[in-house]
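Trainee: Generate coordinates for the sequence data below:
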Amino acid sequence: MLGAGLPRVNLNWTEGTATVEAMKQLTVAALGLWLGAMGFFAFVVAPAAFSTLDREAAGRFVSAVFPKYYAAGFGLGLVALASLVVRALGRGVRPLDWVPIALLVLMLTLTLFAGAVVLPAAHAAREAMRATGADPTAAASFSRLHRLSSVLNVVVMLAGIGTLIMEAVRTR
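Mentor: Residues are numbered from 1 along each chain as shown. This is a model prediction of the structure:
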C-alpha cells in the first residue's frame, strides 16, 4: 500500500505539541489566503486597472504586480505543502494523503513556471510590440503567452479549490 512503510514522526516539541489540527488549520489558512489573493487580483485589481487606466498604464501596473503575486502564491503554497507533509508524517501517511500533496506540488510547479518563464517571455513580447508598433508576430506571441498565463492560473485555482475542499472536509 502506498506510504505504508513510512515511519510515524513524533511532533512533541519543548513548548508544546504540534497537533494534527494545527497543521490542518495552517494548510487551510495558507490555501485560503493564496486563493483569495488570486481571486482578488483576477476579479478586482486587474479589471479595475484596465477600466480606469489607459491600456498601456494598466499593463505596466499589472506587470509590476505580477512578480509579487507569483512570489506570494509560491510562498503560501510552500507553507501549505510543508504543513501537509508534517501532518502526514505526524499521524502516519495514508494513501489519500498523496492527493492534496500532489495537487499542491502541481500548483507550485505551475506557479513557478508562470512566474519564472511565462511572465518574462510575455514582458519581452509586450516590449517588442511596443518597440515595433503593430508587429503582428509580437502581438501574436504576447496573446499566446497571455492565454497560457490565464490557463495556468485557472488550473492553479481549480487545484487549490479542490485541495481546500479536501482539507476542509477531512477529519484529521
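Trainee: so the spatially most central residue of the chain is in which element?
Mentor: By CA atoms, centre = their mean, the chain has its centre lying nearest to residue 73, at 4.5 Å. In this assignment (DSSP states H and E), residue 73 forms part of helix 55-91.
Trainee: for that helix, which positions count as buried?
Mentor: Within helix 55-91, the residues scored as buried using 16 or more other CB atoms under 10 Å are 58-59, 61-62, 66, 69-70, 72-74, 76-77, 79-81, 83-91. C-beta: built from backbone N, CA, C; applies to glycine.
Trainee: ok, now stretch 123-139?
Mentor: 123, 125-126, 129, 138-139.
Trainee: Repeat that for stretch 145-152.
Mentor: Buried, per 16+ other CB under 10 Å, within stretch 145-152: 145, 148-149, 152.
Trainee: Would you mind writing the CA trace of stretch 126-136 as CSV?
Mentor: What follows is stretch 126-136, C-alpha atoms only, in CSV (Å, rounded to 0.1, in the frame of the first residue of the first chain):
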residue,chain,number,x,y,z
ARG,A,126,4.9,43.3,-24.9
GLU,A,127,8.2,45.3,-25.1
ALA,A,128,8.7,44.0,-28.7
MET,A,129,5.1,45.1,-29.5
ARG,A,130,5.7,48.5,-28.1
ALA,A,131,9.0,48.9,-29.9
THR,A,132,7.7,47.7,-33.3
GLY,A,133,4.3,49.3,-33.2
ALA,A,134,1.8,46.9,-34.7
ASP,A,135,4.1,44.0,-35.4
PRO,A,136,1.7,41.0,-35.8
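Trainee: What average pLDDT does that stretch get?
Mentor: Rounded to a whole number, the mean pLDDT of stretch 126-136 is 82.
Trainee: Narrow the buried residues of stretch 123-139 to those in helices?
Mentor: Residues of the buried residues of stretch 123-139 located in helices (DSSP state H): 123, 125-126, 129, 138-139.
Trainee: Centre of the chain to stretch 106-113, how far?
Mentor: On the basis of CA atoms, centre = their mean, to the nearest Å, stretch 106-113 sits 7 Å off its chain's mean C-alpha point.
Trainee: Quick check: which ranges of the chain have low pLDDT?
Mentor: Within the chain, the ranges that satisfy pLDDT under 70 run 1-19, 134, 171-172.
Trainee: residues contacting residue 27?
Mentor: For residue 27, the contact set (CB atoms under 8 Å, 6 or more residues apart in numbering) comprises 80, 83-84, 87, 100, 167.
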